[in-house]
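Engineer: With the sequence up front, the predicted model follows.
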Amino acid sequence: MLAFLLQLNAWLVTGKVFLFALFMLGIWFLWLLRVIIASGYRPWTAPYAVTTSVIVPVVDEPEELFRRVLDRIVEQRPTEVIVVINGPRNDRLEAVCRAAGVRWAWIADAGKRRALQVGVGMASGEIAVLVDSDTVWTPTTLAELVKPFRDPTVGGVTTRQRILDPGRSTLTRWADWLENVRNEYTMPAMSVLGTVGCLPGRTIAFRRSILVSSMDRFLSERFLGVFLEVSDDRTLTNYTLMAGYRTVFQSTSLVYTNAPTRLGTLVRQQYRWARGSQYNTLRMLPWMLIHAPVLAVFYLADIIVPFVLVGSIVSWGISIATRDRAVIYDALPLPDTPWQAVAVILALTALMTMLSLSIRFSRHFIERPRDLAHLPAFMMINTFLLMPIRVLGFIRMAHNAGWGTRRGGFAGQRTRSALLVLPYLLGGALLTVSVMVGV
């Protein structure tokens, strides 16, 4: 943010165009666009009666949490609840299913996609609701979730999602912040356009007919010659959009989910999400450019921003080491001693970045003002953890891999394709250009 303001000032004074300043103007424009579009969002309000099949794939989950998950679902009286236990046999989870009185099946394959296929095959409801095994419903989750299906053009619906007990740690506060940012800006904006690009898998509802017609493709489609298990929710959303349906957000349907409290688990989760999101963006890009250009711009920005920020940090470090391209900092009253000047620049950079985050995500901090005290930590996690993970996830998107956050989960297929080099080449080019145009 500091570099952007300094470059903007230099641009106005000298007339010299700075590419990084242009990039940052684009970021602020996209944020403003999201806010403007999201202002037109309204949830569906009229009740809608429809048969529902709730499908819960599970590999391994703490018994008490899983019992709580099922109890909350059963309380809302869907037409049927189907649990598919996949992977190693789990007597504890089977006992929880029997006690809850739900239908359940066990399959030896530890793959979520295969479990979803089994669950969809067992289902009979018009609406199939897919639920993660660590997601806890609130009392009106189901009744609110199905309301948009009154519109026959709606094919998929997602909920408002928050983190269970976010005050446990800085990591859980950060996860809750990210969820709320999506709830307040991205999801409503994309819902107004009828193109929520990813209906998050914690709890999603689809017309069952869409899932039935998509299952063969869901279990076999390859990207750059490799079948990827990750990002099942984004993939099913893609199929729904390509079938001509709208995908929407229902803010009045609320669920709570767990979040990693250990750094290693968080890194594996974010790496899995980074790979899944970005390979689906590239796979879906031709369709989006024709049918949903605004969505294409949002998702391309999600890919480009991490590269530019990481490249700018590298470029900025090179500038400090070589004392090159530091003319924009002449506008600041810096100390004469080099190390003191660097310290002042670092402090101002951190301050301006936090100010930028506070402005752009003010709705969350109004709701949870105590999180302002954690804003420096949020900034560090975003800058030095999330952004590099997204760059790595892009470069390695064509590598198959295990699920990463579930004991006994999908182990990955040991297949390789020569095409996996393409993301390395494209990612390397993006990073090189980002360093060249950085501060």
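Structural biologist: Received, thanks. Residues are numbered from 1 along each chain as shown.

Engineer: which residues sit against stretch 118-131?
Structural biologist: 50-57, 69, 73, 78-80, 82, 84, 103, 105, 107, 116, 137, 142, 145-146, 149, 201-208, 211-212, 215, 233, 236 (Cβ atoms under 8 Å, 6 or more residues apart in numbering). In this view, the C-beta of every residue, glycine as well, is placed from N, C-alpha and C.

Engineer: buried ones in the helix or strand containing Gly264?
Structural biologist: Counting by DSSP states H and E, the element that carries Gly264 is helix 263-291. Of all the residues in helix 263-291, those buried under the rule 16 or more other Cβ atoms under 10 Å are 266-284, 288.

Engineer: Same question for stretch 360-374.
Structural biologist: Arg360, Phe361, His364, Phe365, Arg368, Asp371, His374.

Engineer: ok now it, how far from the chain's centre?
Structural biologist: 20 Å (Cα atoms, centre = their mean, to the nearest Å).

Engineer: Pull up the distance across that stretch, start to finish.
Structural biologist: The separation between the terminal residues of stretch 360-374, taken as Cα to Cα, to the nearest Å, is 16 Å.

Engineer: Same check on stretch 183-196?
Structural biologist: By Cα to Cα, one end of stretch 183-196 lies 12 Å from the other end.

Engineer: re earlier: which strands or helices does the helix holding Gly264 pack on?
Structural biologist: For helix 263-291, the packing partners by 3 or more Cβ pairs under 8 Å, 6 or more residues apart in numbering; DSSP states H and E come out as helix 170-181, strand 222-223, helix 232-242, helix 293-322, helix 387-395.

Engineer: So for the first one, mean pLDDT?
Structural biologist: Which is helix 170-181. Averaging pLDDT along helix 170-181 gives 93.

Engineer: What lies in contact with it?
Structural biologist: Against helix 170-181 from outside (Cβ under 8 Å, 6+ apart): 161-163, 165-167, 259-263, 266, 361, 363-364, 367-368, 371, 374, 377-378, 381.

Engineer: Try it again at 7 Å.
Structural biologist: 161-163, 166-167, 259-261, 266, 361, 364, 371, 374, 377-378, 381 (Cβ atoms under 7 Å, 6 or more residues apart in numbering).

Engineer: which other helices and strands contact the lengthiest strand in the chain?
Structural biologist: In the chain, assigned by DSSP state E, the strand with the most residues is strand 246-257. Packed against strand 246-257, as judged by 3 or more Cβ pairs under 7 Å, 6 or more residues apart in numbering; DSSP states H and E, are the following elements: strand 135-137, helix 141-145, strand 154-163, helix 187-192, helix 232-242.

Engineer: mind saving the C-alpha coords of that strand as PDB?
Structural biologist: Only the C-alpha atoms of strand 246-257 are listed here, as PDB (Å, rounded to 0.1, in the frame of the first residue of the first chain):
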ATOM      1  CA  ARG A 246     -27.500 -20.400 -11.700                       C
ATOM      2  CA  THR A 247     -25.500 -20.900  -8.500                       C
ATOM      3  CA  VAL A 248     -26.400 -18.700  -5.600                       C
ATOM      4  CA  PHE A 249     -25.600 -17.800  -1.900                       C
ATOM      5  CA  GLN A 250     -28.300 -18.000   0.800                       C
ATOM      6  CA  SER A 251     -27.100 -15.700   3.600                       C
ATOM      7  CA  THR A 252     -29.800 -16.800   6.000                       C
ATOM      8  CA  SER A 253     -28.700 -20.400   6.000                       C
ATOM      9  CA  LEU A 254     -25.800 -20.500   8.500                       C
ATOM     10  CA  VAL A 255     -23.400 -23.300   9.300                       C
ATOM     11  CA  TYR A 256     -20.300 -23.600  11.500                       C
ATOM     12  CA  THR A 257     -17.200 -25.600  10.700                       C
END
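
Engineer: and the angle for that strand with helix 170-181?
Structural biologist: 150 degrees (axes from the mean of the first three to the mean of the last three Cα atoms, to 10 degrees).

Engineer: Show the average pLDDT along strand 246-257.
Structural biologist: 98.

Engineer: List the contacts of His291.
Structural biologist: His291 touches nothing, counting by Cβ under 7 Å, 6+ apart.

Engineer: how about a cut-off of 10 Å?
Structural biologist: Residues near His291 by Cβ atoms under 10 Å, 6 or more residues apart in numbering: Thr195, Leu241, Met242, Gly244, Met284.

Engineer: Can I have the buried ones of these as a PyMOL selection?
Structural biologist: Command for PyMOL that selects the buried part of the contacts of His291, burial taken from 16+ other Cβ under 10 Å:
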select buried, resi 195+241+284
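
Engineer: In a markdown table: the contacts of His291, plus distance to Val255.
Structural biologist: Output for the contacts of His291, formatted as a markdown table (distance: Cβ to Cβ, whole Å):
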| residue | distance to Val255 |
| --- | --- |
| Thr195 | 22 |
| Leu241 | 22 |
| Met242 | 26 |
| Gly244 | 27 |
| Met284 | 25 |
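
Engineer: Nearest to Leu295, out of the contacts of His291: which one, please.
Structural biologist: Closest approach to Leu295 among these (Cβ to Cβ): Thr195, at 4.7 Å.

Engineer: Look up which residues are beta-bridged to the closest one.
Structural biologist: Beta-bridge partners of Thr195, counted by DSSP bridges, are Thr247.

Engineer: wait, doesn't Trp103 sit right on Ile85?
Structural biologist: Wrong residue type there; residue 103 is Arg, not Trp. No: taking contacts as Cβ atoms under 10 Å, Arg103 lies outside contact range of Ile85: 11.6 Å.

Engineer: which one of the two has more residues nearby?
Structural biologist: Applying other Cβ atoms under 10 Å to Arg103 and Ile85 shows that Ile85 carries more neighbours, namely 23 against 15.
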